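Participant: Below is the structure, and that's it, no one-letter string:
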């Protein structure tokens, strides 16, 4: 299989450049670090593994493997992604949300609103 | 970011080589084609895009972007994976399961059991 | 707590009366029985228990109990409902879908399409 | 259909009586109100409707209606329950979690941990 890695359209969504005021600005106050950053390498390893799992499915499709085996792999990726999301959300609550709540004000409201909406999206799977 | 693509442990699960009797043998009767095969290129495109989305998240973590933006991307990947799974399952029902049901017997029972279990796993997300 | 059971708007959706041609007519051919019917009493017991769980949550809200304990109960109901859905779907595949596939034709296509759409809805949770 | 409402085993889980120190004690400090309480009547109405939907499914099973129509109703209940959970969680974050975060200490840690675990359960559906 010739993986056309270069052809991959990243679709990575909001890729805030340094000029642009990032979303979640309230969470970017000087001296503040996103909760996940202390585990950055661990998240990278998990994401690299998920990327490999997706490539594994591409190979299974290429080799015309049994549909159910492919679906089993899709379920495994969904589970791995859910764990990444849980970790990120847990770190976010303990750091960004907790810090914002201490400071209060409209920034805290905004941070809480965004967290709540993200949880709603994740509950849909 | 230096993506260690080569270092990715595929974890692709059951990679049946041609010597090994594949799981889902009942679905591999001569002349039978898995339902998804007629759309093989479309699935490959969707999976390549998902792979790019996972790499996009790696970059977001690397750039220490806002947690919620990363979670939004995780939700987008989950949604894309769910659509791939729905498509594969739909093709599987229309081809492998329908063909097996016509033939009946213990092979049909086995195929139906495997389909039902896969659906159960996918319903958990 | 005074349960206003009578006030409950059933919202039970398609309540096909005997005059109306039921949806899933292909699955209603004479002599055909829906797969779940042989387990009818077991499904009723499980649904009665779920109904009791929902009433339990109403009481918890009434008693102003801790939010997280209420959410734990919601998760338990979701899990119980998912199991009911898995059972119904499994029975449906083994009986209605398998029978329709044997007969073939546009009825089989319709039954397969409906099953696939139902699975898609259940995969969203 | 004679609904055996009395026979329902509530299984309502932690039904803290007034003698017992409730779980989430940190969230029960004097003067503190759970976030959902200001919307108590609205939650009760939604739960009463869900209870009616569950009874509607019991009737559909009793009348041996089409499997797929029953599954459609199960999906509708799951969606309604998810919305209740989202509402409760949102209220919980804005009130209990935000208040606890302001106060800090081990109580805040405990509240955040419980919230994070509840979210994890809800993400599984």
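Facilitator: Everything's here; your move. Just so we're clear, the structure is a prediction, and the values are computed from it rather than from any experiment.
Participant: all contacts plus neighbour counts: C-alpha atoms, from now on.
Facilitator: Noted.
Participant: Check chain A and tell me which residue is nearest its centre.
Facilitator: In chain A, the residue lying closest to the centroid (CA atoms, centre = their mean) is residue A:85, at 5.6 Å.
Participant: Contacts only, for the nearest residue to it once chain neighbours are set aside.
Facilitator: Using CA to CA, 6 or more residues apart in numbering or on different chains and skipping the chain neighbours, the partner closest in space to residue A:85 is residue B:71 (6.2 Å). Listed by CA atoms under 8 Å, 6 or more residues apart in numbering or on different chains, the contact set of residue B:71 reads A:85, A:88, A:89, A:118.
Participant: Swap in 10 Å and give it another go.
Facilitator: A:81, A:84-86, A:88-89, A:115, A:118-119, A:121-122, B:57, B:77 (CA atoms under 10 Å, 6 or more residues apart in numbering or on different chains).
Participant: quick one: which helix or strand includes it?
Facilitator: helix B:67-92 (DSSP states H and E).
Participant: Residue A:117 now?
Facilitator: Per DSSP H and E: residue A:117 is located in helix A:105-123.
Participant: is that helix up against chain B anywhere?
Facilitator: Yes. Contact of helix A:105-123 with chain B (CA under 10 Å from any CA of the partner chain) involves A:111, A:114, A:115, A:117, A:118, A:119, A:121, A:122, A:123.
Participant: Neighbours of residue A:107, how many?
Facilitator: By other CA atoms under 10 Å in any protein chain shown, 16 other residues sit near residue A:107.
Participant: Likewise for the one 4 residues further on?
Facilitator: Neighbourhood size, residue A:111 [other CA under 10 Å]: 24.
Participant: I'd guessed it sits against residue A:103; true?
Facilitator: No. If you go by CA atoms under 10 Å, residue A:111 and residue A:103 don't touch, sitting 11.2 Å apart.
Participant: can you list residues touching both of the two?
Facilitator: residue A:97.
Participant: And residue A:104, its phi and psi?
Facilitator: phi 70, psi -160 (degrees, to the nearest 10).
Participant: wait, what's in contact with it?
Facilitator: Contacts of residue A:104 by CA under 10 Å, 6+ apart are A:98, D:98, D:99, D:102.
Participant: Mind listing what's buried along the one helix or strand residue A:50 maps to?
Facilitator: Element membership for residue A:50, per DSSP H and E: helix A:40-62. Buried residues in helix A:40-62, counted by 16 or more other CA atoms under 10 Å in any protein chain shown: A:43-62.
Participant: Quick check: which of those are also close to chain B?
Facilitator: Among these, the ones lying close to chain B by the criterion of CA under 10 Å from any CA are A:43-62.
Participant: picking that back up, now the residues of helix A:105-123 next to chain B as CSV including distance to residue D:38 and pLDDT?
Facilitator: Output for those, formatted as CSV (distance: CA to CA, whole Å; pLDDT from 0 to 100):
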residue, distance to residue D:38, pLDDT
A:111, 22, 94
A:114, 22, 96
A:115, 21, 96
A:117, 20, 96
A:118, 23, 96
A:119, 22, 96
A:121, 25, 95
A:122, 26, 94
A:123, 24, 93
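Participant: Can you narrow the residues you listed down to the ones near chain D?
Facilitator: Among those, the residues that sit close to chain D (CA under 10 Å from any CA) are A:115, A:117, A:119, A:121, A:122, A:123.
Participant: among these, which ones are buried?
Facilitator: Judged by 16+ other CA under 10 Å, buried ones among these: A:115, A:117, A:119, A:121, A:122, A:123.
Participant: give me the low-pLDDT residue ranges for chain A?
Facilitator: A:1-32 (pLDDT under 70).
Participant: ok, residue A:36 - how many residues close by?
Facilitator: 23.
Participant: Hmm, it is touching residue A:88, no?
Facilitator: Yes. Using CA under 10 Å, residue A:36 makes contact with residue A:88 at a distance of 6.0 Å.
Participant: what do the two both touch?
Facilitator: Counting by CA under 10 Å, 6+ apart, the residues touching both residue A:36 and residue A:88 are A:43, B:67.
Participant: Let me know the angle separating the helix holding residue A:117 from helix A:67-92.
Facilitator: Put simply, helix A:105-123 runs at 160 degrees to helix A:67-92, going by axes from the mean of the first three to the mean of the last three CA atoms, to 10 degrees.
Participant: State the number of residues packed around residue A:113.
Facilitator: Neighbour tally, residue A:113, other CA under 10 Å: 15.
Participant: Tell me who's in contact with it.
Facilitator: A:107, A:119, D:90, D:93, D:94.
Participant: now, the most widely separated pair of those residues?
Facilitator: Farthest-apart pair in the contacts of residue A:113 is A:107 and A:119; separation 18.4 Å (CA to CA).
Participant: and whichever residue of chain A sits closest to chain C, what are its phi and psi?
Facilitator: Of all residues in chain A, residue A:124 sits closest to chain C, at 5.8 Å by CA to the nearest CA. Backbone torsions of residue A:124, given as degrees, to the nearest 10, read phi -80, psi -10.
Participant: distance of it from residue B:51?
Facilitator: Going from residue A:124 to residue B:51 by CA to CA, to the nearest Å gives 21 Å.
Participant: Kindly report the same for residue A:96.
Facilitator: Distance, residue A:96 to residue B:51, by CA to CA: 29 Å.
Participant: what do you get for residue A:78?
Facilitator: On the measure of CA to CA, residue A:78 and residue B:51 end up 13 Å apart.
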